[in-house]
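[1] give me coordinates for this.
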Amino acid sequence: MGSAVSLFVLLVFLITFFLTIWNLIKNFTFESAWMVVVAAGRPGGALKIRTYSLRQQDRIIRLEERLRLAALLPEYVTREIPMLDESQLTPCALPPTLKSRHWSRKTLAGNLKGAEIKKAIVNWRPDNWRI
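    Got it, this is the predicted structure:
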């Protein structure tokens, strides 16, 4: 449903932009020229707002995954969790429960890349709350 809403909003922005250009051609005034500028800027503003919320959500998810790994892993391994970069952190936390422990240790020991971890994990923990 989210992509349908996004498509609708994009269509509204495009139609509005082309209508303001059409209005500018038919009735050239300062106001009609300014409306073209405003219509061109609206998608950028909407995109920026969307990007901010996604970046904030990604930061929260990284924190959640670090906390989850810290709860699952033994204490001597939890000190190494900050060494995982983002491409490694998320795949290590995706398997349900104790499998995370296995992949986290393997990643820290062998410095596996995120793509390698994702290919090897068969049973994923879905993220149904993503915006």
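[2] ranges for the helices of the chain?
    Taking DSSP state H as the test, the helices found in the chain are 2-26, 30-72, 75-78, 86-93, 99-110, 114-120.
[3] would you mark the buried spots in the third one?
    What that stands for is helix 75-78. Across helix 75-78, burial judged by 16 or more other Cβ atoms under 10 Å covers V77. Using the backbone N, CA and C atoms, a C-beta is placed for each residue, glycine as well.
[4] let me see the mean pLDDT of that helix.
    The average pLDDT for helix 75-78 rounds to 75.
[5] I'd like to know how many residues surround the nearest residue to P43 once chain neighbours are set aside.
    If the residues on either side of it in the chain are set aside, P43 comes closest to F13, at 4.7 Å by Cβ to Cβ, 6 or more residues apart in numbering. Close neighbours of F13, defined as other Cβ atoms under 10 Å, add up to 17.
[6] ok, L84 next?
    So L84, with other Cβ under 10 Å, has 22 neighbours.
[7] just L69 next, same as before
    Residues near L69, counting by other Cβ under 10 Å, number 21.
[8] kindly report the same for the one 3 residues further on.
    The local packing of L72 (other Cβ under 10 Å) involves 18 other residues.
[9] same check on A39?
    Residue crowding around A39 was assessed by other Cβ under 10 Å; the count is 20.
[10] might you report the residue contacts of it?
    For A39, the contacting residues are F13, T16, F17, L19, T20, by Cβ atoms under 8 Å, 6 or more residues apart in numbering.
[11] apply 10 Å and report the result again.
    F13, L14, I15, T16, F17, F18, L19, T20, I21, N23, L24 (Cβ atoms under 10 Å, 6 or more residues apart in numbering).
[12] now these: which count as buried?
    For the contacts of A39, buried by 16+ other Cβ under 10 Å: F13, T16, F17, T20, N23, L24.
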